[in-house]
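Peer 1: can you look at this prediction? I've put the sequence above it.
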Amino acid sequence: MSRSLTPVNRVGVEERAAALGRRSIKTTAKREGIRLATSMIDLTTLEGSDTPGKVRHLCAKAVCPDPSRPELPSCAAVCVYPSLVGVAAAALEGSGVAVASVATGFPAGQTSLKVKVDETREAVAAGASEIDMVISRDAYLRGDDRTVAREIEAVKEACGSAHLKVILETAELPTYAHVRHASELAIAAGADVIKTSTGKASSGATPGVVLVMLEVVRDHFERTGRVVGVKAAGGVSTTKAALHMLVLVKETLGDEWLTPDRFRIGASSLLNDLLMQYAKLDGGHYGRAEDFSKE
Amino acid sequence: MATVERAALRWDYAPAPESRDAAPLKPRYDLFIGGSFVAPTDGTVVETRNPATEETLAEVAFAGPGDVAAAVDAARGAADGWAALPALERGKYLFRIARLIQERARELAIVETLDGGKPIRESRDVDVPLAAAHFFSYAGWADKLQYAFGGRAYEPRGVVGQVVPWNFPLLMAAWKLAPALATGNTAVLKPAETTPLTALLLAEIVQEAGLPDGVVNIIPGDGSAGAALVRSEVDKVAFTGSTAVGKEIQRALAGTGRGLTLELGGKSANIVFEDAALDQAVEGIIEGIFFNQGHVCCAGSRLLLQESVAEEVVRKLWARMERLRVGDPLDKNTDVGAINSAEQLARITEMVEAGEQQGAVRRSVTCALPDAGYWFPPTMFLDVAPANRIAVEEIFGPVVSVTTFRSPAEAVERANNSAYGLAAGVWTDNGAKAFEVASKLRAGVVWQNTYNKFDPTAAFGGYKESGFGREGGPAGLAPYVRLGG
Amino acid sequence: MSARQAVAKTYKLYLGGAFVRSESGRTDPIGGVNVPRGSRKDVRDAVKAARAAAPGWAKKTAYNRGQVLYRFAEALESRSDRSDEIDEAVDLLVHYAGWTDKLAAVMGGVNPVAAPFLSFSSPEPTGVVAVLAPDSPDVLGLVREIAPALAAGNTVVAVVSRTKPLRPLDLGEVAGVSDIPGGVLNLLSGRLDELLTPLCGHRDVNAIIDATYDDDVAKTVDELAAETVKRVSRPSPHTDSLTRLEPLVELKTAWHPVGS
């Protein structure tokens, strides 16, 4: 069955996204924006070299990003590989910070549906309340939307009460029209959140891609009343980039979407930049990386 | 613990005003004639005000008839020397002006916003950079004119009189002066009554760039100064402004043989087909009618929606309009600034009332507007009868009228059913349809899947009562030379 | 054997592809011939015919318009009353026949804008062009003005020589047999003082070529033109063809984003 793509005008999207990047966020707005962005972070480590120790450090930081500034909120979640879910769950118990796990053969998704479902079940059983799955780009790019949808539905079922974030890996989608289409497909198949990227591809959460996904979520909400979240992941590593994301959300979906329940930023190095910029607002001097722990 | 704090977070932009200190104004600006700033001999001195606050910004000399004559004389005296300069040298002066505009960009942007009420975002990102680009582009033509006219002999017209409007004061001055100077003319430019300041800063730049005295003369004034200038012994008149005044000028020049170009009003159609990328179309509609508070000759003031998507587009458009940030033009996050003058506000208000009386349904955004200054909320009209005044006459404000159509042929017919023919927008993802419709539209500029784009290399100007002659690109040079003997 | 009686021709206006008497029924005797004295209503009918023919003529391909003008030249060449003046008129038509598909290349082009858009400018016909032909030369003076207007894709309403209208009216017959669609070229004879105001003041005329070389006419034409911002050009007999063509087109700039 041939696909029908809703047209998206690349130049127009990028103009609008760039224009929103020129909003001037100063003083109190910047302070509040940094706090808000902090609260939306899925603090992430997805390295082959990850250890229980590293994950425990990360969890501590997610709960209390800067001990010297208790007014800074906790991050939304810690995101790890399935094998470290148990460690994270133990470290975060009672903190209000969620445990998220990538699953489904992250980042390539090149495993069988059975493996994907089993991996999801295991992660949930180990304490993950959020699952970040990748769509099968092979199926999607072949035009096999049905397989993509079936996988999402199966993983969603395996999630049980856990929230499902569906990663589109937008860098591997040919056009914005495909970003839009894949977003709609994931939402229809049951995604609670649509997410840009694995962080392992050539590019990640570009402002244009995030804008298109936010527009899909807005249209879906207007049509059905159902709330779907968006997660920008990959490449959002500076305060400026994070505030740009918040502006995109605010001016596309409105203030109601500016909560960690509805918008997330997947990041590892972003948090330190937020902390550094926040300290600058307080102290009036520019900071240095050494002042903040690496994990 | 953490969750409580999260819920308490609310986020809005803090005020982000551009600093007025970066643009210190003099208490008074005089006429720029013959390379010097001089007091008017028979003119007056008036205050120029910030339309967003009604505060006085500076005193400005307005030219009287004798001052106009003196400026024309100064330009006449400089004409032969300027035309005789080696072309590359002439070009170098223009390159220098472009550079100086870039160097003083921040100051120019602030003053443009203070004097005219447009958002700093626009003066900073559009008006000033485009003004510099215009001088830069035409600077490069100065020594290449032999390639611009199809091998024809050419010579400068001599002295040109130029009258520019208040909506893009610096940019329009650049559009006028750059091609005139590049082709070897000398100029007398009259800025608009309500927005003289950036043109006078441009006069300072002209001085700083070391142009020979009298090559550029800038004389603020009211309509009478403009009338005197276009009726004086100039060799060519270039006017941007209303169609009514344009017709008066054309009449005044009847039988004189003087060159004339007119860039006049518009009632441009922005046509959205059902197969368009609708979110981007909505952005284009916003850009088309709320850019510069709708004080744009090519504003997309007639929105034509294909019936099958009309409801959806209106819904999206309204939601987008409600997010427009209306207010302090100096705030870097302001989208829609102040109406340029009390007079223009009265005109918009009168037109909107007429639109309502003639049965159209008005929807204006509810937003807090400052007490002082001149403001009008972003407004759309639905159920607009084709003969309604708001569908026919130029409003020159943040007001869009919405009608529907069923077929491309009907869209073209409605779009062309206007005395004007300046611009149009076409939104469709179907390239063949876009080009077909564009080719049938009787308008000088057709934006396909975009709106209000300008570039010094691209010709701009109207069909029908939107004027004649083009500005921008090689076509913008021709009106400033005599061709073919 | 008695001398053959010559068949005298009734001269008519050329309107909408038909040869008609003046609606007014009036004539002026010129050179022993009753020449139709065109009226305000003839002007109205001519402009109406020209407007009706405009979209079709503008829509023809440049190649096709060129061939039609070339056919016009062929037909004029084949007339029996050739002279140096007619030869020159034929050559002019051949020259302009070759312009139709060059206009866009010479006047337009791609604009290298500093943003991701394909922007290009190209000439389009301005619409209905009124021509005030000079009194003399009667044929060449008329052809010099109508040829660029037609080549640029406009339709024409021309007031022919007031003093020597006969050969110019004959030109309508040449046009009639040369594939020029009805209404594309309309020829009126008559008095300038009667035709000037209705023609140059007509709101559906887009441009005026004033080749009367008369300062008083110029002023009147310009004032009438201002009513609806008509384009006026006033070429001299020596004006080159590109400079004649430029005021008869509108440059349209189109912008299209580039990006999938």
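Peer 2: Sure thing, it's come through.
Peer 1: from here on, just use CA atoms for contacts and neighbour counts.
Peer 2: Will do.
Peer 1: now whatever residue of the stretch 101-250 of chain C ends up closest to chain A, nearest residue through space, not along the chain?
Peer 2: Distances between the stretch 101-250 of chain C and chain A by C-alpha to the nearest C-alpha are smallest at C:Pro116, namely 7.1 Å. Excluding its sequence neighbours, the residue lying closest to C:Pro116 (C-alpha to C-alpha, 6 or more residues apart in numbering or on different chains) is C:Val258, at 5.6 Å.
Peer 1: ok, now which ones touch the one you found?
Peer 2: Residues near C:Val258 by C-alpha atoms under 8 Å, 6 or more residues apart in numbering or on different chains: A:Val11, C:Pro116, C:Phe117, C:Leu118.
Peer 1: all helices of chain C, in order?
Peer 2: In chain C, the helices defined using DSSP state H lie at C:40-59, C:62-77, C:84-97, C:103-107, C:138-151, C:166-176, C:192-200, C:215-226, C:241-245.
Peer 1: find the nearest non-adjacent residue to the closest residue to chain C within the stretch 101-250 of chain A, please.
Peer 2: Minimum separation of the stretch 101-250 of chain A from chain C (C-alpha to the nearest C-alpha) falls at A:Thr175, amounting to 6.2 Å. Spatial nearest neighbour of A:Thr175, chain neighbours left out: C:Ser260 (6.2 Å); criterion: C-alpha to C-alpha, 6+ apart.
Peer 1: correct me if wrong: that neighbour contacts A:Arg10.
Peer 2: Yes: using C-alpha atoms under 8 Å, C:Ser260 is in contact with A:Arg10, at 5.9 Å.
Peer 1: shared neighbours, the two?
Peer 2: Going by C-alpha under 8 Å, 6+ apart, residues that sit against C:Ser260 and also against A:Arg10 are A:Tyr176.
Peer 1: quick one: which of those two has more around it?
Peer 2: The neighbour comparison of C:Ser260 against A:Arg10 (other C-alpha atoms under 10 Å in any protein chain shown) goes to A:Arg10, with 21 against 12.
Peer 1: what sits closest to B:Glu18 if chain neighbours are left out?
Peer 2: B:Glu18 sits nearest to B:Leu330 (C-alpha to C-alpha, 6+ apart), 5.5 Å away.
Peer 1: what is the neighbour count of that neighbour?
Peer 2: Close neighbours of B:Leu330, defined as other C-alpha under 10 Å, add up to 26.
Peer 1: so it is in contact with B:Leu114, correct?
Peer 2: Yes: B:Leu330 is in contact with B:Leu114 according to C-alpha under 8 Å; the separation is 7.4 Å.
Peer 1: quick check: bridge partners of whatever residue of the stretch 51-200 of chain C ends up closest to chain B?
Peer 2: Residue of the stretch 51-200 of chain C nearest chain B, by C-alpha to the nearest C-alpha: C:Asn111 (5.3 Å). Note on C:Asn111: beta-bridge partners C:Ser119, judged by DSSP bridges.
Peer 1: let me see the contact set for it.
Peer 2: By C-alpha under 8 Å, 6+ apart, the contact list for C:Asn111 reads B:Thr457, B:Ala458, B:Gly473, C:Leu118, C:Ser119, C:Phe120, C:Ser121.
Peer 1: make a PyMOL selection of the buried ones in these.
Peer 2: Selection command for PyMOL covering only the buried members of those, criterion 16 or more other C-alpha atoms under 10 Å in any protein chain shown:
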select buried, (chain B and resi 457+458+473) or (chain C and resi 119+120+121)
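Peer 1: mind listing the helices for the stretch 51-200 of chain A?
Peer 2: All helices of the stretch 51-200 of chain A, identified by DSSP state H, counting those that start in this stretch, fall at A:52-63, A:85-92, A:113-125, A:137-142, A:145-159, A:176-188.
Peer 1: average pLDDT for the first one?
Peer 2: It stands for helix A:52-63. If you average the pLDDT over helix A:52-63, you get 97.
Peer 1: just the CA trace of it, in PDB.
Peer 2: C-alpha atoms of helix A:52-63 as PDB (Å, rounded to 0.1, in the frame of the first residue of the first chain):
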ATOM      1  CA  PRO A  52      27.100   0.100  38.200                       C
ATOM      2  CA  GLY A  53      29.300   2.700  39.800                       C
ATOM      3  CA  LYS A  54      28.900   5.200  37.000                       C
ATOM      4  CA  VAL A  55      25.100   4.600  37.000                       C
ATOM      5  CA  ARG A  56      24.900   5.200  40.800                       C
ATOM      6  CA  HIS A  57      26.800   8.400  40.400                       C
ATOM      7  CA  LEU A  58      24.500   9.500  37.600                       C
ATOM      8  CA  CYS A  59      21.500   8.700  39.700                       C
ATOM      9  CA  ALA A  60      22.700  10.800  42.600                       C
ATOM     10  CA  LYS A  61      23.300  13.700  40.200                       C
ATOM     11  CA  ALA A  62      19.800  13.300  38.700                       C
ATOM     12  CA  VAL A  63      18.200  13.500  42.100                       C
END
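Peer 1: in terms of secondary structure, what does it contact?
Peer 2: strand A:77-80, helix A:85-92 (3 or more C-alpha pairs under 8 Å, 6 or more residues apart in numbering or on different chains; DSSP states H and E).
Peer 1: ok, residues contacting that helix?
Peer 2: The contact list for helix A:52-63, computed with C-alpha under 8 Å, 6+ apart, reads A:43, A:45, A:73-78, A:80, A:84, A:87-88, A:91-92, A:95, A:97, A:295, B:2.
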